[in-house]
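Chemist: return a 3D structure for these sequence lines:
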Amino acid sequence: MKIVFRNQTDREIASYLYERFAAGLRQYARNCWKMDEDETMELLYDTIYGFIENYSSQPFASENKVNKLLWTIFRNKLRDRYRRKKRNDEIALETSFDENNPEHQGKVAVDPSVSADIMMSPDDDRNNPLLVELEKILSGLEDWQRQLLICRAHGIAYSTIAQLTKEDEKNLKVYYGRLKKRLKKQLAEFLSPSEPARRKT
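Modeler: Numbers count the residues shown, from 1 in each chain. Have a look, this model is predicted:
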């Protein structure tokens, strides 16, 4: 069914979007990104009113089209919020890092937020060069692939992930195994680039 918002007030549009789509967006933010309720609601309202400001004058072929656009806006806002939080955490760590302490010489502050992005166990020796490599690897993935990795890292059921990503639940299990193997291989190559050569000798 075609969706047209032009003759509706902002309040009517916001009410429609909230009733139809808010539950799934809130669950995704809390379960996959570990956002608290206040942060989630703030991002949700930013998403809804951003949609109204930029897209409410155009018609949509179906409710599914509205849903996809709303999810795209919401995910982008989540990623922006996460990047800002990570930068702030890094600044705080660098500020508190005592360069005059002999135990700190030559070391780099650890970013504790990295475990929210990957499925591997936290590593106390993880440092910023590895974070850069992780971000590089993850940025090369499609949105649904990042969602799959993050959600499985937090124990989200494949049935729920299928609803979020619009991918077949059975295929997601195969994709997750492949992605996990691929990520581990890339990290291993980054950490030990000369290891394959040593095995050949």
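
Chemist: got the domain ranges for the protein?
Modeler: If you go by automatic domain parsing, the domain ranges for the chain are 1-96, 110-201.

Chemist: what's the mean pLDDT across the last one?
Modeler: Predicted confidence along domain 110-201 averages 68 (mean pLDDT).

Chemist: ok, now the first one?
Modeler: Averaged across domain 1-96, pLDDT comes to 86.

Chemist: which residues in the chain form helices?
Modeler: Taking DSSP state H, the helices of the chain run over residues 10-33, 37-55, 63-96, 128-139, 143-153, 158-165, 169-191, 195-200.

Chemist: mean neighbour count and distance to residue 1 added to these, as CSV?
Modeler: The way it works is simple: take the backbone N, C-alpha and C, and place the C-beta from them, glycine included. Compiled in CSV, the helices of the chain are given as follows (neighbours: other Cβ atoms under 10 Å; distance: least, Cβ to Cβ, whole Å):
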stretch, mean neighbour count, distance to residue 1
helix 10-33, 17, 12
helix 37-55, 16, 17
helix 63-96, 15, 7
helix 128-139, 14, 37
helix 143-153, 20, 26
helix 158-165, 17, 21
helix 169-191, 14, 27
helix 195-200, 8, 56
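
Chemist: ok, residue 148 - contacts?
Modeler: By Cβ atoms under 8 Å, 6 or more residues apart in numbering, the contact set of residue 148 is 161, 165, 167, 172, 175-176, 179.

Chemist: of those, closest to residue 14?
Modeler: Each of the contacts of residue 148 was checked against residue 14 using Cβ to Cβ; the closest is residue 165, at 25.8 Å.

Chemist: check contacts around the closest one.
Modeler: Remark: with contacts taken as Cβ under 8 Å, 6+ apart, residue 165 is in contact with 144, 147-148, 172.

Chemist: residue 3 too?
Modeler: 59-63, 65-66.
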